[in-house]
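K.L.:
Pasting a predicted model and its sequence here:
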Amino acid sequence: MDFHNTNDAVTRRIQAFTDRLAYLKSNDLYFYNQPVQEILPGMKVRVNGREMGMYASYSYLGLVHHPRIDAAAKAAVDKFGTGTNGVRTLAGTLTIHTELEETIANFKHAEAAITYSSGYATNLTVVSTLMGRGDYVFSDKLNHASIVDGCLMSGAEFRRFRHNDMAHLETLLKNTPADVAKLVIADSVFSMDGDIIDLPKMVELTKKYNAWLMIDEAHSVGVLGKTGTGIEEYFNMYGAIDIKMGTLSKTIPSVGGYVAAKQEIINYFRHASRAYIFSAALPPAQAAAANEAFKVILDEPWRIERLNENTKQFINGLKSLGFDTMLTETAIVPVLCGEDDQAFAITRECQHNDVFVLPVVSPAVPEGLARLRATVTAAHEPSEIERAIDVIGEAGKKLGIIK
Ligand SMILES: *Cc1c(COP(=O)(O)O)cnc(C)c1O
């Protein structure tokens, strides 16, 4: 390589990656970053000229190309153009932003909401704005990377509790000085495992130990609760969470992130959080699409029923073949494979049979727990789900993952 220094640590790290990628590609085990050519009805996509069933999308309610949402985005372009050319605080705020924030606040049963340019940026900025040196944050071990990064960036004391283990969380809280500021933070639905945080117990503990509670609802909006509003509805605990964070890029077919909370907290973020003050406002089309999508979810509750039926069919089908789907109760369905190479190999078999799934390997998950992380949506047809189960089953048998 003709880098500056052919033997420093950076060069060696890049070289190690280069070698790993070359190995995967030469063995036809690399399926990341594939461009989708076309999005077709029924959660199908065209990739490399072939029509495939898509089982890696977070479009849980199948809202991509919803006519109302596409129309709202187009109308916003006609009205406002394509960019905001500034930050919200200065020239970037449009009426569509304030409408969107009102819609989110209503949807989340909160007093107010604030939006940012991505979910990742939202977690970084919100955790690091709330917490600082001398404060304590308590984070589930399987929390999303953006939460971990926000905790580290905050400079607060960082404590991690075992996954969904409320007894461990209590031990950590008990061993913290009573008079310091504390924040407990967790995913609502875990992005690699599909299981749900024990919110009732977590609320009890945060009350008992006088801690703030923040929940990341990236995978629960449109998924949990009878009307899809998320984890508070699911547990019948509206108003229990101090800071409800979410993304506009999963169930909501747009991009961006948000927080819903009490008015004073949102006002504070609007004037103190750096991702709001120093980064451009959401583009008009994306804000309008998100605004319409929240309304569509409430107007079309049948989508949530469909999602629940499809989820049941998919999980039960895989389980009955002998797969270990871990603790999932939601549309995120891990299919345990074991070693990384097994997960890559089953992916190849599925992809060759027009089932678009992807593997999750270490370090994203612990070594030996490599898996397919498949997702099912309201837009899949039951007959297509049956076909995907068959394909994954055949591949699993061939590789000895199931008998
Ligand atoms: C996807 C995701 C995010 C990041 O959201 P983006 O809008 O994609 O940046 C944050 N938290 C969790 C749990 C996620 O799954």
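P.N.:
That came in fine, so what should we check first?
K.L.:
interface residues of this protein facing the ligand?
P.N.:
The chain has residues 118-120, 123, 144, 146, 187, 191, 216, 218-219, 247, 249, 257 near the ligand, with proximity defined as Cβ under 6 Å from any ligand atom. In this view, the C-beta of every residue, glycine as well, is placed from N, C-alpha and C.
K.L.:
make it 5 Å
P.N.:
Taking Cβ under 5 Å from any ligand atom as the criterion, the chain approaches the ligand at residues Ser118, Gly119, Tyr120, His144, Ser146, Asp187, Ser191, Asp216, Ala218, Thr247, Ser249.
K.L.:
now the strands: where do they sit in this structure?
P.N.:
36-40, 44-47, 50-54, 112-116, 136-140, 157-161, 182-187, 212-216, 243-247, 257-261, 332-338, 355-356, 359-360, 370-375 (DSSP state E).
K.L.:
With mean pLDDT and mean neighbour count as extra columns, can I get these in TSV?
P.N.:
Shown next, in TSV, are those (pLDDT from 0 to 100; neighbours: other Cβ atoms under 10 Å):
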stretch	mean pLDDT	mean neighbour count
strand 36-40	96	13
strand 44-47	98	17
strand 50-54	98	18
strand 112-116	98	23
strand 136-140	98	24
strand 157-161	98	17
strand 182-187	98	25
strand 212-216	98	24
strand 243-247	98	27
strand 257-261	98	26
strand 332-338	97	23
strand 355-356	98	24
strand 359-360	96	22
strand 370-375	97	25
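K.L.:
show me what contacts the residue in the stretch 101-250 of the chain that the ligand sits nearest to?
P.N.:
In the stretch 101-250 of the chain, the residue that lies nearest the ligand is Gly119 (2.2 Å; Cβ to the nearest ligand atom). Shown in contact with Gly119 (Cβ atoms under 8 Å, 6 or more residues apart in numbering): Ser146, Asp216, Ala218, Met245, Gly246, Thr247, Leu248, Ser249, Gly256, Gly257.
K.L.:
run the last query once more with 7 Å
P.N.:
Taking Cβ atoms under 7 Å, 6 or more residues apart in numbering as the contact definition, Gly119 lies against Ser146, Ala218, Thr247, Ser249, Gly257.
K.L.:
Taking the residues you listed together, which two end up most distant?
P.N.:
Pairwise distances across the contacts of Gly119 peak at 11.9 Å for Ser146 and Ser249 (criterion: Cβ to Cβ).
K.L.:
who has more neighbours, the two?
P.N.:
Ser146 (22 against 19; other Cβ atoms under 10 Å).
K.L.:
neighbours of Gly230, just the number please.
P.N.:
Residues near Gly230, counting by other Cβ under 10 Å: 28.
K.L.:
Quick check, pLDDT for it.
P.N.:
For Gly230, the model assigns a pLDDT of 98.
K.L.:
show me where the stretch 101-250 of the chain has helices.
P.N.:
Under the criterion DSSP state H, counting those that start in this stretch, the stretch 101-250 of the chain contains helices at 119-130, 145-154, 166-174, 199-208, 231-234.
K.L.:
Could you point out which of these sits nearest Arg13?
P.N.:
Comparing the helices of the stretch 101-250 of the chain by Cβ to Cβ, helix 145-154 comes nearest, at 18.2 Å.
K.L.:
So, low pLDDT: which residues of the stretch 1-150 of the chain?
P.N.:
1-4 (pLDDT under 70).
K.L.:
what do you get if the cut-off is 80, keeping everything else the same?
P.N.:
1-6 (pLDDT under 80).
K.L.:
For the nearest residue to Val360 once chain neighbours are set aside, list each beta-bridge partner.
P.N.:
Closest residue in space to Val360, ignoring its immediate chain neighbours: Arg373 at 4.5 Å, by Cβ to Cβ, 6 or more residues apart in numbering. In this entry, Arg373 is beta-bridged to Pro334, by DSSP bridges.
K.L.:
which residues sit in contact with Arg373?
P.N.:
The neighbours of Arg373, taking Cβ under 7 Å, 6+ apart as the test, are Met192, Ile332, Pro334, Leu358, Val360.
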